[in-house]
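# Need a 3D model of the sequence below.
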Amino acid sequence: MKLRRRQSGLVMIAIVVLLLLAGAYVFIGGLNASAMRVERDRVTRDALQKAKQALIAYAVADSNRPGELPCPDVNDDGKLIMGEDYVGSACVSLIGRLPWSTLGLPDLRDEDGERLWYALSNDFHSNGTVALNSDTAYRTGNTSLTLTGTQPGANLVAIVFSPGPALVREGAAAAQQRGCIVGTNCDATGKCTTSPASSTPKCNPANYLDVTGGVDNADANTNFVSAAKSDQFNDRLLPIYSDDIMWLVERRAGRELAQKLRDHFDAWQTPPAVANTNFVNFKGFYPWAAPLTDPSAVQAGTNGTTNGLAPFSNSAVVWNSGGTSLVGGCSGVNTDLIDCSGALVLGLVTLNGRVRNVGTAFVDPPSAANVTVVSGVVVGAPTITWTLVPGSNALDFTYSATLLGFTRVRVRAPTASAWTGSSWLATNNWHQDIQYAVSPGYALTGAGACSLPGPPQCVSVNGTAAYAAVVMTGRALPAASQAARPIVTPPNVPATQYLESANATPANLTFVRNLKAGDFNDLPIPVRP
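Got it, this is the predicted structure:
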């Protein structure tokens, strides 16, 4: 009897052990499955993040049009080729594969071994013609992408997709097909060879990207959707907002403009060596600001204006007077070129004139190219003198030479620095998103000194003295009541439409740099010291 009870006890123990082992097996199996799911998710998440980071880096570093993104790769070779992925200034398609090779990335794959896909705003594609700055994605008529569903978003410039495994799309009768036949519609490397490339199943976005609620991620329009995974939808996606890119481009723009200001100061501090030319009373200075009237237009500075727009225009730098000892005198007063002519002579010829508003723009110091003898023979070396007159915001000119024959001399006022018309700062209308301030001590009439609190007052950035400052205003912020910021604006625009917090009173030349927030996105950048 005791033996039977002992045996029964052993059987019960064995059953309990078996149950525990089975439970442990199920538990460990569940842990392994969970770990596998986590690892698979990580693979996709990392691929999407690497793609997004590479696209942002590409946009910010672009040398021609910072902010632009590469066209999608339509034939699945990983790179962009003229005539295949883009033609002229247009992308062949605004949806396609991520051009991983062009971006310098490895061949990124999601958890199912699929390459990533990529959709792009037409405004932001490479080689495009739309001016890219902080406001581009928010202006009426823009082509920004919109995302609905579980990840709603607007003002997107691009979306990166993980397509997941093939499935039967909503409304479709058959599963997605992702193959190609070497020699028929793709080559040995898997590159699609049909025209258009989407005629090959493996290059047709509808065979990878899904549709739900009537929104199709594969139709290359501006509307996209995210949703929970299901039998009919398994796209995973990562949006790229305009702010993701432009916040960094703004920093680059501000720093490059700050360097242009330093270059301007240094150029006038030490003018170039020019044969037979004297530079008198020259000094380094920063240009006066332009009043905040119409930020949509390129503006010239105004004498005495210490804050407002950056003076990208040199329209105010013109001849105030031009005289000559030649019979006939000079024409061209109130323009940037005086044209002086006289009768047949053999003797000493003298010309003189004054350029006004020389401190109101980014203009280069005079060079040999500013004076041209159109006719007449110069006997001996001429004497040319340019004299800076800070108190009058002017530049005086004299020319003296012995000339033979019918005499004609043209003299051009200091010309605009080339970058004001050709650099990406100019061609992408960054003047619309820049405010500028200069200490009166470092403008043309200043003595080359300032202090806090002055006078003359230095510009202050977070309590540190500077000679000038570039303030990147960022896009209009609804939380700061800037939602109605116009592109074309009436005179006397309030600074609060562009600047926030303490920066909204720029006349005091005091600026702060805070963390970016829904009601603050100013970025002041000091210019020396």
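
# just how off-centre is stretch 393-403 within its chain?
In terms of CA atoms, centre = their mean, to the nearest Å, the centre of stretch 393-403 is found 42 Å from the chain centre.

# again with stretch 294-309
21 Å.

# Ok, stretch 467-481 next?
With CA atoms, centre = their mean, you get 15 Å for stretch 467-481.

# Show me which residues of it are buried.
By neighbour count on 16 or more other CB atoms under 10 Å, the buried set for stretch 467-481 is 467, 468, 469, 470, 471, 472, 473, 474, 475, 476, 477, 480. To be clear about C-beta, it is placed using only N, CA and C from the backbone, and glycine gets the same treatment.

# likewise stretch 399-411?
399, 401, 402, 403, 407, 408, 409, 410, 411.

# Bridged to the fourth one, which residues?
Here residue 403 sits in beta bridges with residue 347, residue 378, going by DSSP bridges.

# Who are the contact partners of it?
345, 346, 347, 349, 373, 376, 377, 378, 379 (CB atoms under 8 Å, 6 or more residues apart in numbering).

# separation between it and residue 347?
Applying CB to CB, to the nearest Å, the value for residue 403 to residue 347 is 8 Å.

# And the lowest mean pLDDT element among the helices and strands of the protein?
Using mean pLDDT, DSSP states H and E, helix 2-61 stands out as the lowest-scoring helix or strand of the chain, at a mean of 73.

# quick one: average pLDDT of the host helix or strand of residue 395?
Using DSSP states H and E, residue 395 falls within strand 394-412. Averaged over strand 394-412, pLDDT sits at 90.

# Pull out the buried residues from the helix or strand just after that strand.
Later in the chain than strand 394-412, the nearest helix or strand by DSSP H and E is helix 419-422. Neighbour-count burial for helix 419-422, counted by 16+ other CB under 10 Å, picks out 419, 420.

# Please write out the alpha-carbon positions of helix 419-422 in CSV.
The C-alpha trace of helix 419-422 is given here as CSV (Å, rounded to 0.1, in the frame of the first residue of the first chain):
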residue,chain,number,x,y,z
TRP,A,419,27.1,86.6,-54.9
THR,A,420,24.1,88.9,-54.4
GLY,A,421,22.9,87.9,-57.8
SER,A,422,24.3,84.4,-58.4
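
# Figure out the length between the terminal residues of stretch 383-400.
5 Å (CA to CA, to the nearest Å).

# and what of stretch 456-468?
End-to-end for stretch 456-468, by CA to CA: 13 Å.

# what comes into contact with that stretch?
261, 265, 286, 436-442, 446-447, 449-452, 469, 509-513, 524-529.

# Buried subset of those, written for ChimeraX?
In ChimeraX, a selection of the buried entries from the contacts of stretch 456-468 looks like this (16+ other CB under 10 Å):
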select :261,265,286,436,437,438,439,440,441,442,446,450,469,509,510,511,524,525,526,527
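
# May I see the contacts of residue 403 organised as TSV, with pLDDT, neighbour count and distance to residue 218 added?
Formatted as TSV, these follow (pLDDT from 0 to 100; neighbours: other CB atoms under 10 Å; distance: CB to CB, whole Å):
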residue	pLDDT	neighbour count	distance to residue 218
345	66	17	79
346	74	13	82
347	77	10	82
349	83	23	75
373	89	16	67
376	83	22	72
377	86	11	74
378	86	15	72
379	86	13	78
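
# so can I have TSV of the residues you listed showing distance to residue 166?
What follows is the contacts of residue 403, written out as TSV (distance: CB to CB, whole Å):
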residue	distance to residue 166
345	89
346	92
347	92
349	85
373	77
376	82
377	84
378	81
379	87
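
# Looking at the residues you listed, which one is closest to residue 330?
Nearest to residue 330 among these is residue 349, at 11.8 Å by CB to CB.

# How about residue 371, nearest residue that isn't a chain neighbour?
In space, and not counting its chain neighbours, residue 371 is closest to residue 411: 5.4 Å by CB to CB, 6 or more residues apart in numbering.

# Settle this for me: that neighbour is touching residue 354, isn't it.
No: the pair residue 411 / residue 354 is not scored as a contact, 11.3 Å apart, by CB atoms under 8 Å.

# what residues are shared contacts of those two?
Common neighbours of residue 411 and residue 354 (CB under 8 Å, 6+ apart) are residue 397.

# still on that earlier bit, distance to residue 245, secondary structure and pLDDT added to the buried residues of stretch 467-481, as TSV?
Shown next, in TSV, are those (distance: CB to CB, whole Å; DSSP: H, G, I helix; E, B strand; the rest coil; pLDDT from 0 to 100):
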residue	distance to residue 245	secondary structure	pLDDT
467	30	coil	98
468	27	strand	98
469	24	strand	98
470	19	strand	98
471	20	strand	98
472	14	strand	98
473	17	coil	96
474	13	coil	95
475	12	coil	93
476	17	coil	92
477	17	coil	93
480	21	helix	89
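
# now the residues you listed as JSON lines including distance to residue 169?
Shown next, in JSON lines, are the buried residues of stretch 467-481 (distance: CB to CB, whole Å):
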{"residue": "467", "distance to residue 169": "61"}
{"residue": "468", "distance to residue 169": "58"}
{"residue": "469", "distance to residue 169": "54"}
{"residue": "470", "distance to residue 169": "50"}
{"residue": "471", "distance to residue 169": "49"}
{"residue": "472", "distance to residue 169": "44"}
{"residue": "473", "distance to residue 169": "44"}
{"residue": "474", "distance to residue 169": "40"}
{"residue": "475", "distance to residue 169": "36"}
{"residue": "476", "distance to residue 169": "39"}
{"residue": "477", "distance to residue 169": "39"}
{"residue": "480", "distance to residue 169": "43"}
